[in-house]
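In: Model the following, please.
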Amino acid sequence: MTKIFFPWLDSRLSPNKRIDRRALIGVKQDAKLLAMALTRESRLVLLETDLQIKITFCPPDKRRRDLDNLYATFKAYQDGIFEAMGLDDCLIDRVILQRGEVVKDGYVIVELTEA
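Out: Okay, here's the model as predicted:
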């Protein structure tokens, strides 16, 4: 199992944010490119089979955040992960979302395994 550490999510990707669609395209592209680079750096290799993704959100502060919005915010990063591996994210069979400890600057831990 390989863990990939991502910096805390760009708040402009939140579905609750009111941002112009044209501006959002660039933000999503940046998130996707970052995810692709981090995935390639991790040298993660998985077979085309049912996959499990476990995402741990370690926020930068104690503000209340619900997991479904965090996951929606993470979607562009997830697309980048799978594009870097040459796989389609429809192979995800199980998604595990959890909160981690509050840490300075925050980060997200992604673990991908074959289900």
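
In: For the chain, give the helix that spans the most residues.
Out: Across the chain, the longest stretch assigned as helix under DSSP state H is helix 21-42.

In: For the closest residue to residue 89 other than its chain neighbours, grab the count of nearby residues.
Out: Nearest non-adjacent residue to residue 89, counting by C-beta to C-beta, 6 or more residues apart in numbering: residue 82, 4.3 Å away. All C-beta spots, glycine's among them, are computed from the backbone N, C-alpha and C. For residue 82, the count of nearby residues is 22 (other C-beta atoms under 10 Å).

In: helix/strand/coil for residue 82?
Out: For residue 82, the assignment made with DSSP: H, G, I helix; E, B strand; the rest coil gives helix.

In: Which pLDDT value does the model give it?
Out: With respect to pLDDT, residue 82 scores 92.

In: Check residue 99 too.
Out: For residue 99, the model assigns a pLDDT of 96.

In: now the helices for the protein?
Out: Ranges of helices within the chain are 21-42, 67-85, based on DSSP H.

In: could you dump the ones you listed to a markdown table with distance to residue 60?
Out: Rendered in a markdown table, the data for those read as follows (distance: least, C-beta to C-beta, whole Å):
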| stretch | distance to residue 60 |
| --- | --- |
| helix 21-42 | 17 |
| helix 67-85 | 13 |
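
In: which of these sits most buried?
Out: Among the helices of the chain, ranked by average contacts under mean count of other C-beta atoms under 10 Å, first place goes to helix 67-85 (a mean of 18).

In: show me the residues around the closest residue to residue 39 other than its chain neighbours that make contact.
Out: Spatially, and ignoring its direct neighbours in sequence, residue 39 is nearest to residue 84 (3.9 Å; C-beta to C-beta, 6+ apart). Applying C-beta atoms under 8 Å, 6 or more residues apart in numbering to residue 84 gives the contacts 35-37, 39-40.

In: distance of the residue nearest to residue 89 from residue 10?
Out: 19 Å (C-beta to C-beta, to the nearest Å).
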